[in-house]
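Q: all I have is the shape, not the residue letters:
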């Protein structure tokens, strides 16, 4: 009755014993509508009516008005209740309200799957977490590749059946990276403890589509070795921040933050250890919100409809 | 059976219906011994033996070795179990170990009560909290006075029977404050949302004996209007930091920090409102630790034996 | 320049030095619309259109579908943008959609102020917090009275200018309480550490309008002395729960919960002390949500649109 | 310069790119001394002196007095500063103080490595976390085997080079498990989401040496499907509890607890997903504390010297 199996019989990418379905079935008859426009009266009523006319039912809606810039922002989850809407016709029928209200409107269809590239260096706690979550159905995306400037984490990627690209850091690096990303249609780059600074050119290719995890409670401890800075400063809490990468280092729109308590007893190594749980949790949450189209960036602030 | 009492029959400073005794009876036969010295082997054994020889029983002990500076730090709670120790004889009998180990040693006797001055401006949430906690026995101190640069909070102080000094801000202010503090033997100044910057001269009079509450998660958002800074930055958590005031603004040893979650929906006013709960809780905890002689400052970091 | 004021010159209920306005001006031209109905397609579109037809602008909207009971729940914040809507006409114009969709619909006008009675016994930390928050404009209500089975907290109420009724516990108590509540038009009862169990008859008079703070993380530690239970059990976190009182003790719909860390070092008295910060914070948040009409109770669960 | 590696080249158990050393070198010249005894005066002084006489330096010490049972508990970290102590002589030289003070004294040597068996069923988030932490040096132990009543997680164990035993549930199961544990000298069993109840006989073999993770905030939601219970109850926080398994289900000494916020919007599946982060973090912390000999169980409560 007992099986002794000390030899490697594992099958990379094999199906898990346990699956989570956080989402309704991702179907071609559902969509997320994201809207930004100058604030005025009647927006909700007019947009709702326009969607309703196409046969859409509103499953969920959340809105926010930024008063300093007088901007209206909304996320609407709509369903055509099992019927295939004609997407061109839909877009056309929305054109009236788009023009009238000066809407910046994006439709994300339920059957469109994000393609993600994960960039890493040598630490694997965030990578593992993302791979496990995606495998369990908790991240609605395809992970197209793992890219690293070091070879160390190749086996982690391969165990999960994900292509791994070792691209050492030199003058060509970003050129090679970009060409890989474009070749595979990647639309989200996750910097899962990638210890290189990306150039402004790279970042502009993926504006608001590069999520970085910084191991401090930003804006405290920008730049390198934040746990060392925190230790020297004697803080009582350490944190992690997931944000969109922008040209200014560690200053992009903040998506999520978390903290954990430390004391004088915690060495820098202990802080690094404690921080790992926060880093991976905060990053995973930010990635999930992006993939579920819950984030709208407005004036360098991330509005998250969670 | 029903008493209708709409007139003011309250007696300021009257005894509460409920009292908390967080401490053992503060008696003349107990003391806290605080020690800092160069690290070497045998410190604990020798100090313990020296205390034991005086008849002291060790009720609690906590220690910490700062490895970067090779410094040993210890807090020992001792009791002479109801017998009055001869304090001069005790000090004399410890001199040997003090000299041998090069100890910086302080004895805080259980019957020595800290005298506290609370500095405020117009906001009263921290003041209320400290007054209520002291009244309930949760802060082992005498609150000697409340000092403010505005008259607004006079009635709060007086309700609790605490003298209130309105000292408007001008060139004489600190001179008057210092003379009041010295006249009444104040040994701890609590800046409970006091919106003035103290001069280096003032601070040096009360080194490591001025506790300030700053309404941000330091070192983020130093200086004025931290909630405005936090709102503009779009952070997802706001914080508060209790620290000893030093000459450099908002850069003194951090005693305690706390945070609360915010989102894009929170206006600056909402952040201010949410932050108040954190500010008062964090400040009260820091003050309590100071009063219980739980804090040793070493190289601008606060070692808290909580 | 210095004013020494050791005599009581405080004026109860005097205006604070600092005021918070968490709300938009509470005007007669704004309302919160609360809706519960069987789930079906088109609800949002139809209700939005019906409101729009009355000239209402939708400032905010949040919705939730309870899938187990197939129930749709929505909270809509509407504004007539400075114009006085005819309330009878409005109600009439909504009747069509109410009937069509079988809506349970309530309109809470911005100029309707909740009237609150706070019940206490001897502990005053929650009472103080509620009185301070209301004074600062953070709780949109009138506090009509404080009722207690003990005389101890009379002076606290009176300092804030709130009528205090000492109603000792005997067979007439609830009868007297109810008559006071009705006489003053009270619509929310807050049990701010009131140590008596209310009868089913009393509770039914104020269904989903009695908020209690229980000093444990429910459903753990129902009933008396929860901190003693927690200490005996050796838990590492203690909590507090604000809930609507129902006939079953400590089992009503949970509005908010909070926790704080404890350890073996914490005596029961220490737990009581630590718990107070959580109790008052959790209770204040629950009361604020109720007053802002953010809570809809459905099948003994509180849906909170925060 | 670019290596495309889509084939599996991973080496199970290969060295990580990043290692954490949370501990001082685990050497044969260091030990943890754990003491429980009836409280009286002079214990610390006498024990310290006895250790000092053996040449031991006290690197750290923490103590606790349980007042209800008048019991003194202490954990002392001692070092012979690079010299090999004679262990028999040490024990002999401590016998005097053991007898005099009626000490229950245990010495855990730095070069003694705990041997751990991890029991799992089908969910792998806790298993992954423990394996990664052990690989990175953050758990000072040897993981001797993974045991499961299902075959699903075999490949996870094998990737890390850990023997996997699939022992289906039947009448012989525990007999086979126990014989495996004893054969390999396992001294700690970790139930990392093992979905079977162990018999009293099994538990008694490993008293205070079986750590279970229960996916609720105990004592709330004992037994099966705690997230379902939590969802039905409408709680606003969900939790996880690591505890020593005892004969009474989910009632053993609590080592650590954590919580995460939920709302009415969270489906049971979402709660399960959110809870996973808490479960693995709480379990890992409890296991680490056990391995570092930081836990002393006294009267069904776990004293954790963290």
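A: Done, it's in. The shown structure was predicted, so the numbers you read here are calculated from the model rather than taken from an experiment. Residues are numbered from 1 along each chain as shown, chains lettered A, B, ... in the order given.
Q: show me the shaky parts of chain A.
A: Applying pLDDT under 70 to chain A flags the ranges A:1-25.
Q: pop the domain breakdown of it in here.
A: Here the domain parsing of chain A from automatic domain parsing is A:30-109, A:114-304.
Q: just those domains: most buried one?
A: domain A:114-304 (a mean of 20; mean count of other CB atoms under 10 Å in any protein chain shown). All C-beta atoms are positioned from the backbone trio N, CA, C, and that covers glycine.
Q: tell me how far that domain lies from the chain's centre.
A: 9 Å (CA atoms, centre = their mean, to the nearest Å).
Q: setting the sequence-adjacent residues aside, check what's closest to the residue of the stretch 1-150 of chain A found nearest chain B.
A: Distances between the stretch 1-150 of chain A and chain B by CB to the nearest CB are smallest at residue A:64, namely 6.0 Å. Leaving out its chain neighbours, the residue that sits closest to residue A:64 by CB to CB, 6 or more residues apart in numbering or on different chains is residue A:73, at 4.8 Å.
Q: separation between the residue lying closest to residue A:216 once chain neighbours are set aside and residue D:91?
A: For residue A:216, ignoring the flanking residues on the chain, the nearest one in space by CB to CB, 6+ apart is residue A:226 at 3.5 Å. The spacing between residue A:226 and residue D:91, counted by CB to CB, to the nearest Å, is 46 Å.
Q: so what strands line up beside the host helix or strand of residue A:143?
A: Counting by DSSP states H and E, the element that carries residue A:143 is strand A:141-148. Here strand A:141-148 has these sheet partners by DSSP bridges: strand A:114-120 (parallel), strand A:164-166 (parallel).
Q: mind checking what secondary structure residue A:270 has?
A: helix (DSSP: H, G, I helix; E, B strand; the rest coil).
Q: tell me the SS of the residue in the stretch 51-200 of chain A positioned nearest to chain C?
A: When scored by CB to the nearest CB, the stretch 51-200 of chain A has residue A:52 as its residue closest to chain C, at 3.5 Å. At residue A:52 the chain is in helix, as set by three-state DSSP.
Q: spit out the contact partners of it.
A: Residue A:52 sits next to A:58, C:42, C:45, C:49 when contact means CB atoms under 8 Å, 6 or more residues apart in numbering or on different chains.
Q: adding distance to residue B:198, write the strands paired with strand A:141-148 out as CSV.
A: Formatted as CSV, these follow (distance: least, CB to CB, whole Å):
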stretch, distance to residue B:198
strand A:114-120, 48
strand A:164-166, 56
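Q: how about those strands, which one is nearest residue D:112?
A: strand A:114-120 (35.8 Å; CB to CB).
Q: gap between the residue of the stretch 151-300 of chain A found nearest chain C and residue C:274?
A: The stretch 151-300 of chain A approaches chain C most closely through residue A:261 (8.2 Å), counting by CB to the nearest CB. To residue C:274, residue A:261 is 15 Å away according to CB to CB.
Q: give me phi/psi at the residue of the stretch 1-150 of chain A closest to chain B?
A: phi -150, psi 140 (degrees, to the nearest 10).
Q: just residue A:40 next, same as before
A: Phi and psi for residue A:40, reported as degrees, to the nearest 10, are phi -160, psi 170.
Q: wait, what's in contact with it?
A: Taking CB under 8 Å, 6+ apart as the test, what residue A:40 contacts is A:72, A:101.
Q: measure residue A:248 to residue A:239 for me?
A: For residue A:248, the distance to residue A:239 - CB to CB - is 19 Å.
Q: still on that earlier bit, give me the three-state assignment for the residue nearest to residue A:64.
A: Applying three-state DSSP: residue A:73 is strand.
Q: contacts only, for the residue of the stretch 151-300 of chain A found nearest chain B.
A: Closest to chain B within the stretch 151-300 of chain A is residue A:234: 3.5 Å, counting by CB to the nearest CB. Residues near residue A:234 by CB under 8 Å, 6+ apart: A:264, B:253-254, B:300-302.
Q: again, only using 6 Å
A: B:254, B:301 (CB atoms under 6 Å, 6 or more residues apart in numbering or on different chains).
Q: return the list of helices and strands in contact with whichever helix or strand residue A:65 is part of.
A: Residue A:65 is part of strand A:57-66, with elements assigned from DSSP H and E. Under the contact criterion of 3 or more CB pairs under 6 Å, 6 or more residues apart in numbering or on different chains; DSSP states H and E, strand A:57-66 touches strand A:71-79.
Q: what helices or strands is the next helix or strand after the strand it packs on leaning on?
A: For strand A:71-79, the following helix or strand on the C-terminal side (DSSP H and E) is helix A:87-101. Judged by 3+ CB pairs under 6 Å, 6+ apart, the packing partners of helix A:87-101 are helix A:43-53.
Q: and with 10 Å instead?
A: Applying 3 or more CB pairs under 10 Å, 6 or more residues apart in numbering or on different chains; DSSP states H and E, one finds that helix A:87-101 makes contact with strand A:30-38, helix A:43-53, strand A:104-109.
Q: can you list contacts of the helix or strand hosting residue A:230?
A: Using DSSP H and E, residue A:230 maps to helix A:226-233. Helix A:226-233 is touched from outside by A:214-218, A:220-223, A:225, A:235-241, A:250, A:262, A:264, A:266-275, B:68, B:218-219, B:251, B:253-254, B:299-301, with contacts defined as CB atoms under 10 Å, 6 or more residues apart in numbering or on different chains.
Q: now do 8 Å
A: Contacts for helix A:226-233 (CB under 8 Å, 6+ apart): A:214-216, A:220-221, A:238, A:262, A:266-268, A:271-272, A:275, B:218-219, B:254.
Q: with stretch A:269-284 instead?
A: Counting by CB under 8 Å, 6+ apart, residues outside stretch A:269-284 touching it are A:123, A:125-126, A:128-130, A:133, A:139, A:190, A:192-193, A:211, A:213, A:215, A:227, A:230-231, A:238-242, A:256-260, A:262, A:266, D:20-22, D:138, D:277, D:281.
Q: among those, which are located in helices?
A: Taking DSSP state H as the definition of helices, these contribute A:125-126, A:128-130, A:133, A:227, A:230-231, D:277, D:281.
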